[in-house]
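Participant: Quick check, what structure comes out for this input:
(2 chains)
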2 protein chains.
Amino acid sequence: MAPLQENPSYRTTERTVPTRSRDRASYDRDLVHSILDEAYVCHLGFVRDGAPVVLPTLYGRVGDTLYVHGSTGSRPLRMAGQADPGLDVCLTVTHVDGLVLARSAFHHSINYRSVVVHGTARQVTDPEEKRSALDALVDHVVPGRSRDSRPADAKELAATAVLRLDLDEVSAKVRTGGPSDDPEDLSLPYWTGVVPLVHGHGTPVPADDLDPSVALPEYLSAP
Amino acid sequence: MAPLQENPSYRTTERTVPTRSRDRASYDRDLVHSILDEAYVCHLGFVRDGAPVVLPTLYGRVGDTLYVHGSTGSRPLRMAGQADPGLDVCLTVTHVDGLVLARSAFHHSINYRSVVVHGTARQVTDPEEKRSALDALVDHVVPGRSRDSRPADAKELAATAVLRLDLDEVSAKVRTGGPSDDPEDLSLPYWTGVVPLVHGHGTPVPADDLDPSVALPEYLSAP
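Facilitator: Model prediction:
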């Protein structure tokens, strides 16, 4: 029997279908994963005393589950632990790829790729899942790094709370390409085009107290 | 008479004082402004039907006021126009400056600079303020660009809603420097240090239909 085929797309819901620029929206699983995997921080939104709070935080992905972590004393982690079944969150990741300069101020824009995840963040209680989640968080920052560092001990595990958020109600939004000026503006004398933004890694800076005999690991060497 | 001296710091409130890592928090006005001015997008959080929503969006700053804009039909803009006195929002901006690799998984971190603004976003109704806000939005992406593009006409102005958010309840958070491993981990054989992240502008790509006689403006030339 053939294995069940994973659905290549996420379902759409009222809140994942934008009111505008619908042609920029996508529910493609691979696209969503690639956008999530490329960013370092997400912006996690939740409601506290009726008001919105948005905090930047690291995250990791294992299949269709995202993990965020924090001190057991931090606000969203504490709130998620106390709420049943969990904490309503919106987790958003954005890459800015280019500045789009149109001839008209109105059509200025940016090229970007974003993912918005709606859902309920639940505290991870299973010790095995917690360990895998923490590995995923470290490996999200530097792939392969979790195997090349000291794993969390019992005390550190107890001090760390991990939330899981399933990728279910999720959408991507992407803008690419050049400006789209109105036909009557095409002869205006303004420069128009795209300024690409470039992002990369600089030369790793060893800690002052690093034993000089420890070589730079391969996963940090330039390709 | 000497002009009134602007307070160099924002006030602190219960929600701008973090529960953890208080030494990373700052209320310094210049620091907050510099973090805001360097980013292209913010993440705007609001509450819709009781649940959090976080959307990436462009913004501009004029003194101690931030502006965001959008179609008059977009959700947060519509909600802010209908709510009295406005829409409770949390606007967050984050720069990721480096990856911090400690010997222990637990002490892995990132170097970052973030600003979190809490407040009420109000629709801008004054036409002059709306025009200045739209200029600020364009100039935020490329300084000087608003003077070198066609300003919005009446139809475009009518189709665009602008929200203002005063910088009042605001804090910055900054992490710099190397990893902080526990003393008992210092002899572990793992590479440790910081991988800086570099961000820059690539070579501007003219639009296909740009008249070749239009030169690249000075504000886009490499310094």
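
Participant: for chain A, longest helix please?
Facilitator: Secondary structure assigned by DSSP state H gives helix A:127-141 as the longest helix of chain A.

Participant: Which of the residues in it are classified as buried?
Facilitator: Within helix A:127-141, the residues scored as buried using 16 or more other C-beta atoms under 10 Å in any protein chain shown are A:K130, A:R131, A:S132, A:A133, A:L134, A:D135, A:A136, A:L137, A:V138, A:D139, A:H140, A:V141. Heads up, the C-betas are built off the backbone N, CA and C, glycines and all.

Participant: For stretch A:23-32, C-alpha coordinates in PDB please.
Facilitator: What follows is stretch A:23-32, C-alpha atoms only, in PDB (Å, rounded to 0.1, in the frame of the first residue of the first chain):
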ATOM      1  CA  ASP A  23      -2.800  36.800  -5.600                       C
ATOM      2  CA  ARG A  24       0.100  37.200  -3.300                       C
ATOM      3  CA  ALA A  25      -1.300  34.600  -0.800                       C
ATOM      4  CA  SER A  26      -0.200  31.000  -0.900                       C
ATOM      5  CA  TYR A  27      -1.000  27.900   1.200                       C
ATOM      6  CA  ASP A  28       1.800  25.800  -0.300                       C
ATOM      7  CA  ARG A  29       3.400  23.700   2.400                       C
ATOM      8  CA  ASP A  30       6.900  23.700   0.900                       C
ATOM      9  CA  LEU A  31       6.900  27.400   0.500                       C
ATOM     10  CA  VAL A  32       5.700  28.000   4.000                       C
END
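
Participant: ok, A:E6 touching A:R29?
Facilitator: Yes - shown here, A:E6 and A:R29 form a contact pair, counting by C-beta atoms under 8 Å, at 7.1 Å.

Participant: Neighbour count for those two, which is higher?
Facilitator: Taking neighbours as other C-beta atoms under 10 Å in any protein chain shown, A:E6 and A:R29 compare with A:R29 leading, 17 against 9.

Participant: returning to what we had before: give me the next element, helix or strand, following the longest helix of chain A.
Facilitator: Remark: after helix A:127-141, the chain's next helix or strand is helix A:154-159, criterion DSSP states H and E.

Participant: Pull out the buried positions in that next one.
Facilitator: Buried, per 16+ other C-beta under 10 Å, within helix A:154-159: A:E156.

Participant: The helix or strand just after that helix versus helix A:127-141: what angle between them?
Facilitator: Beyond helix A:154-159 on the C-terminal side, the first helix or strand identified by DSSP H and E is strand A:160-166. Here the directions of strand A:160-166 and helix A:127-141 differ by 80 degrees (axes from the mean of the first three to the mean of the last three C-alpha atoms, to 10 degrees).

Participant: do the least confident helix or strand in chain A by mean pLDDT and chain B meet at all?
Facilitator: When each helix and strand of chain A is scored by mean pLDDT, DSSP states H and E, helix A:75-82 comes last, with a mean of 83. Yes - applying C-beta under 8 Å from any C-beta of the partner chain, one finds helix A:75-82 touching chain B at A:R75.

Participant: Now do that helix: distance to the chain's middle.
Facilitator: Relative to its chain's centre, helix A:75-82 lies at 20 Å (C-alpha atoms, centre = their mean, to the nearest Å).

Participant: elements contacting it?
Facilitator: strand A:41-48, strand A:51-58, strand A:65-71, strand A:87-101, strand A:109-123, strand A:160-166 (3 or more C-beta pairs under 8 Å, 6 or more residues apart in numbering or on different chains; DSSP states H and E).

Participant: Name the SS class of A:I35, please.
Facilitator: Of the three states, A:I35 takes helix under DSSP: H, G, I helix; E, B strand; the rest coil.

Participant: residue ranges with poor pLDDT in chain A?
Facilitator: By pLDDT under 70, the low-scoring segments of chain A are A:1-5, A:222-223.

Participant: when you check chain B, which of the buried residues of helix A:127-141 turn up near it?
Facilitator: A:L134, A:D135, A:L137, A:V138, A:V141.

Participant: Which residue is the nearest non-sequential neighbour of the last one?
Facilitator: In other words, A:V141. B:L99 (5.4 Å; C-beta to C-beta, 6 or more residues apart in numbering or on different chains).

Participant: residue contacts, that neighbour?
Facilitator: The contact partners of B:L99, taken as C-beta atoms under 8 Å, 6 or more residues apart in numbering or on different chains, are A:Y40, A:V141, A:V142, B:I110, B:N111, B:V194, B:V195, B:L197.

Participant: what does A:S180 give?
Facilitator: By C-beta under 8 Å, 6+ apart, the neighbours of A:S180 are A:A102, A:H107.

Participant: what's the answer for A:P179, then?
Facilitator: A:V100, A:L101, A:A102, A:R103, A:H107, A:H108, A:S109, A:T192, A:G193, A:V194, B:A207.

Participant: before we move on, the earlier item: give me the contacts around the longest helix of chain A.
Facilitator: Contacts of helix A:127-141 (C-beta under 8 Å, 6+ apart): A:37, A:40, A:58-62, A:67-69, A:124, A:145-146, A:149, A:151-152, A:157, A:160, A:162, A:164, B:99, B:105, B:108, B:110.

Participant: ok, now stretch A:68-84?
Facilitator: A:42, A:44, A:46, A:48, A:53, A:55, A:57-59, A:86-87, A:89, A:91, A:121-123, A:133-134, A:137, A:158-163, A:165, B:19-20.

Participant: repeat that with 7 Å
Facilitator: When contacts are defined by C-beta atoms under 7 Å, 6 or more residues apart in numbering or on different chains, stretch A:68-84 is touched by residues A:44, A:46, A:48, A:55, A:57, A:59, A:86-87, A:121-123, A:134, A:137, A:159-163, B:19-20.

Participant: Would you mind checking those for buried ones?
Facilitator: With burial judged by 16+ other C-beta under 10 Å, the buried subset of those is A:44, A:46, A:55, A:57, A:59, A:86-87, A:121-123, A:134, A:137, A:160-163.
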